[in-house]
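[1] my questions are about this predicted structure, shown below with the sequence.
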Amino acid sequence: MIDPKKDLLYRLADDQLILGHRNSEWNGLGPILEEDIAFSSMAQDKLGHALQLYSLLHELGEAEPDTVAFTRNAGQFHCCQLVELPIGDYAFSLMRHFLFDHAELLRFEALTASSYEPLAQVARKLKGELKYHVLHANTWIRQLGTSTDEAIEKLQAALDLTLPYALALFEKTEAEPAIIAEGIFIGEDALRQQWLENISRVLSQTALELPDVTTISPGEGGRHGVHTEFLQPLLDEMAEVFRLDPTADW
């Protein structure tokens, strides 16, 4: 059985790396200049978060961060499927950002009390940046979710599409009992409940309606190496520079 610390770190790091790259694809394409800059900045943050988490894995005996990030194939990644989907239109990327970063802020706030002190220290540093990510998402969800019929319709469609993938953020692995028992993390069920309460609170301030999550089958498999058709092409693109020059910095 995999070390529970490594199990959790791989999931955390892979999510950050893949969504960081997806967010970077908005560079030059944002609907307004401010959003172009915002998504680029959040992408940079997430890549930095991934590096810190891969560095913890290296301290636990795994390969160097660049090697771990750029030499695995899709089946060896532990990211959720939500982060690997193409950026779509702005409504889709905004809703993914809203759902994902609410979960991440809660996750890293909980990790500040982790029994695994190196991760707790990283979490204390990262949660400040994640608060700004959530603030950004909330601002635009509230603004666009109470504006025109077109904006509300697009956001509702994006919410309906992304919610099953977002619920799979909390997919458990076989290491879950040990992760909880050793005090490394509070567990996915507790996190999911907090997340639902938080996103429901924000959405209640808009014209958007949160679908009944009890009727939705969460997407599954990402945490166990089963991914969408979009991940491997993305990994191939990400690894181009590393294959040309493994000594290049990222």
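    Alright, I've got the coordinates.
[2] what number of residues lie near Lys6?
    16 (other Cβ atoms under 10 Å). No exception for glycine: its C-beta is placed from N, CA and C like everyone else's.
[3] ok, now Thr148?
    Neighbourhood size, Thr148 [other Cβ under 10 Å]: 9.
[4] try Phe98
    Neighbour count for Phe98, taken as other Cβ under 10 Å: 26.
[5] check contacts around it.
    Neighbouring residues of Phe98 by Cβ atoms under 8 Å, 6 or more residues apart in numbering: Ala137, Asn138, Ile141, Ile199, Val202.
[6] what's the pLDDT at it?
    Phe98 carries a pLDDT value of 98.
[7] check which helix or strand covers it.
    Phe98 belongs to helix 90-111 when elements are defined using DSSP states H and E.
[8] I'd guessed His78 sits against Gly221; true?
    No. His78 lies out of contact with Gly221 (Cβ atoms under 8 Å); the separation is 10.6 Å.
[9] helices or strands up against the helix or strand containing Gln143?
    Using DSSP H and E, Gln143 maps to helix 117-144. Here helix 117-144 touches helix 4-24, helix 33-59, helix 90-111, helix 149-167, helix 188-203, going by 3 or more Cβ pairs under 8 Å, 6 or more residues apart in numbering; DSSP states H and E.
[10] for Ser55, see how far away the nearest residue to Glu62 once chain neighbours are set aside is.
    The shortest distance from Glu62 to any non-neighbouring residue, by Cβ to Cβ, 6 or more residues apart in numbering, is to Val68 (6.0 Å). Going from Val68 to Ser55 by Cβ to Cβ, to the nearest Å gives 10 Å.
[11] the more surrounded of those two?
    Applying other Cβ under 10 Å to Val68 and Ser55 shows that Val68 carries more neighbours, namely 21 against 17.
[12] quick one: contacts for that one?
    Neighbouring residues of Val68 by Cβ under 8 Å, 6+ apart: Ala13, Tyr54, Leu57, His58, Glu62.
[13] can you do 10 Å?
    Going by Cβ atoms under 10 Å, 6 or more residues apart in numbering, Val68 touches Tyr10, Ala13, Asp14, Leu17, Ala50, Leu53, Tyr54, Ser55, Leu57, His58, Glu62, Gln76.
[14] so it, which of the three states?
    With DSSP: H, G, I helix; E, B strand; the rest coil as the basis, Val68 sits in helix.
[15] would you mind measuring from Ile141 to Ile199?
    9 Å.
[16] anything in contact with each of the two?
    Residues touching both Ile141 and Ile199 (Cβ under 10 Å, 6+ apart) are Phe98, Leu99, Leu159.
[17] can you put those in TSV and add distance to Ser217?
    Below are those laid out as TSV (distance: Cβ to Cβ, whole Å):
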residue	distance to Ser217
Phe98	21
Leu99	17
Leu159	16
